[in-house]
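*Asks:* What follows is a predicted structure for the sequence shown.
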Amino acid sequence: MTTIGFIGLGHMGNPMVHHLLKAGFIVYAYDVIPNAIQAVTPYGAIAADSPASLAEHSDVIITSVQTGQQVADICMSHDGIFSHMKPGKLYIDCSSIDIATTNILHAEAAKLHIAMLDAPVSGGVAGAEAATLTFMVGGRTADFEQALPILKTMGKKIVYAGPSGSGQAAKICNNLLLAISMVGVCEAFTLAEKLGLNPKKFFEISSNASGQCWSMTSYCPVPGVIENVPSNHHYQPGFMAKMMLKDLRLAHHAAEVVDSPIPLGAIATELYTLYVNQGHGEVDFSGIINFISTKQEKQ
């Protein structure tokens, strides 16, 4: 039986570990927050006291953390996993980080004969809990095939995006589009309300017309329109606004590197920066509708 080491047991990592355990994998778990480890051990996960010790016991290691620096430290510090993984083992990074750091890690892993995949996810906490995440995966095809049975326990759609860095590129572009579309949906609902349209009636029309998009039909930012979305629960995440802002900044940096204009992305970044700076960083990103409606009222 494959032994998996999982590092990063937050809102996404916790349910992902649960699905791995349900599938019968042996799972060693580590997080810098001890309570996060204690939350998964009652279900069968084995507590690791460091990334190094986790690496020594694992055939496959998965990380799900917030920043490129965190991933780099986990992998390449003195007590990091790369110096304790045996050659031929597989490392899967499910974090959303910058492409430059990802490519550095791929290069270092190759030197050590460690297989690596960058495999960020889409679907948020709800997708992690329901095992319906979309994985976009970069790396060698042979490594992708090895990882596929593991990823299928946590996700519904597993897509091979291309060589190293391609998974991160896909995630950056996807979340750029998501942020822009969410702002557009929020603006449309705000305007519709001011024009006297009932939100449910506008949803019924637009969700069946050319304005239809995922931000509307699967993640509607207006409370009471569809079920099981953060807007119905006072915008509890979900996907935090500060994480959306992080991804928008990754997109901005990537666009600068390849000289690709993203004017709407720049506007979305400005709006989410203002929203987060007002203290809403840990609110779901769809909560920006409240900022947009208030901003329009002041104009």
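*Replies:* Perfect, I can see it now.
*Asks:* which of the residues in stretch 79-87 are buried?
*Replies:* 80-82, 84-85 (16 or more other C-beta atoms under 10 Å). Every residue, glycine included, has its C-beta placed from N, CA and C.
*Asks:* meant to ask about stretch 208-225
*Replies:* Using 16+ other C-beta under 10 Å as the test for burial, stretch 208-225 gives 213, 215-216, 219-222, 225.
*Asks:* Where helices are concerned, which of these count?
*Replies:* Among the buried residues of stretch 208-225, the members found in helices (DSSP state H) are 215-216.
*Asks:* how about the buried residues of stretch 208-225 in JSON lines, adding distance to residue 94 and pLDDT?
*Replies:* Formatted as JSON lines, the buried residues of stretch 208-225 follow (distance: C-beta to C-beta, whole Å; pLDDT from 0 to 100):
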{"residue": "213", "distance to residue 94": "25", "pLDDT": "97"}
{"residue": "215", "distance to residue 94": "23", "pLDDT": "97"}
{"residue": "216", "distance to residue 94": "27", "pLDDT": "97"}
{"residue": "219", "distance to residue 94": "21", "pLDDT": "96"}
{"residue": "220", "distance to residue 94": "27", "pLDDT": "97"}
{"residue": "221", "distance to residue 94": "26", "pLDDT": "98"}
{"residue": "222", "distance to residue 94": "31", "pLDDT": "98"}
{"residue": "225", "distance to residue 94": "31", "pLDDT": "97"}
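*Asks:* if we take the buried residues of stretch 208-225, which one ends up nearest to residue 128?
*Replies:* Nearest to residue 128 out of those is residue 219 (C-beta to C-beta; 14.9 Å).
*Asks:* I'd guessed residue 268 sits against residue 248; true?
*Replies:* Yes - using C-beta atoms under 8 Å, residue 268 is in contact with residue 248, at 6.0 Å.
*Asks:* The buried residues of stretch 79-87: which two are farthest apart?
*Replies:* Taking C-beta to C-beta as the measure, these span a maximum distance of 9.2 Å, between 80 and 85.
*Asks:* Report the set of residues contacting both of those two.
*Replies:* Each of residue 55 lies in contact with both residue 80 and residue 85 under the rule C-beta atoms under 8 Å, 6 or more residues apart in numbering.
*Asks:* do you know how far residue 196 is from residue 224?
*Replies:* 18 Å (C-beta to C-beta, to the nearest Å).
*Asks:* Sorry, wrong one. I was asking about residue 132.
*Replies:* Distance of residue 132 to residue 224, computed by C-beta to C-beta: 23 Å.
*Asks:* Break down the chain into its strands, ranges please.
*Replies:* In the chain, the strands defined using DSSP state E lie at 3-7, 26-30, 46-47, 60-63, 90-93, 115-118, 121-122, 133-139, 155-162.
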